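**Q** pasting the structure only:
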């Protein structure tokens, strides 16, 4: 077609979040609860939190997703058979008690890259119940 507008595919950006920046059911971020998050790590968590709005400020054509593992992220693949679930906020205690393998995190990222289901949000990836 002569003169037809060329459309580019939407750019998909998937980043890995820090569990300290997730919002709990009571409305607080994990990093705001000293019973759960070590105060000595607050500078790192706050710096990471300042990055979160960046994808939303970019062009509206950017399709972004922040996938955030729980505190218990391990190289051990014993949980591989359990699979994973993506959970939208607010988040519950599974963030602090669940253990996720790197292979489960990688699978969650690959699944969202290949078959996008969640858009322009931050989610937690947790071991399947």
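**A** That came through fine. It should be emphasised that the depicted structure is a prediction, and the values quoted were computed from it without experimental measurement. Numbers count the residues shown, from 1 in each chain.
**Q** which ones are touching residue 60?
**A** By CB atoms under 8 Å, 6 or more residues apart in numbering, residue 60 lies in contact with nothing. Where C-beta positions appear, they are placed from N, C-alpha and C, glycine not excepted.
**Q** redo that, cut-off 10 Å
**A** 10, 120 (CB atoms under 10 Å, 6 or more residues apart in numbering).
**Q** what's the answer for the one 3 residues further on, then?
**A** The neighbourhood of residue 63, defined by CB under 10 Å, 6+ apart, consists of 9-14, 55, 116, 118-120.
**Q** Let's see which of those end up in strands.
**A** The strands, defined by DSSP state E, take in 12-14 from the contacts of residue 63.
**Q** Neighbour-wise, which one of the residues you listed leads?
**A** The residue in the ones in strands among the contacts of residue 63 with the most neighbours, by other CB atoms under 10 Å, is residue 14 (17 neighbours).
**Q** I'd assumed residue 120 was in contact with that residue.
**A** No: the pair residue 14 and residue 120 does not pass the contact test of CB atoms under 10 Å, sitting 11.7 Å apart.
**Q** Give me the common contacts of these two.
**A** By CB under 10 Å, 6+ apart, the residues touching both residue 14 and residue 120 are 55, 63-66.
**Q** Nearest to residue 33 among those residues?
**A** Taking CB to CB as the measure, residue 33 lies nearest residue 66 of these, at 20.0 Å.
**Q** Can you report phi and psi for that closest one?
**A** Backbone torsions of residue 66, given as degrees, to the nearest 10, read phi -110, psi 120.
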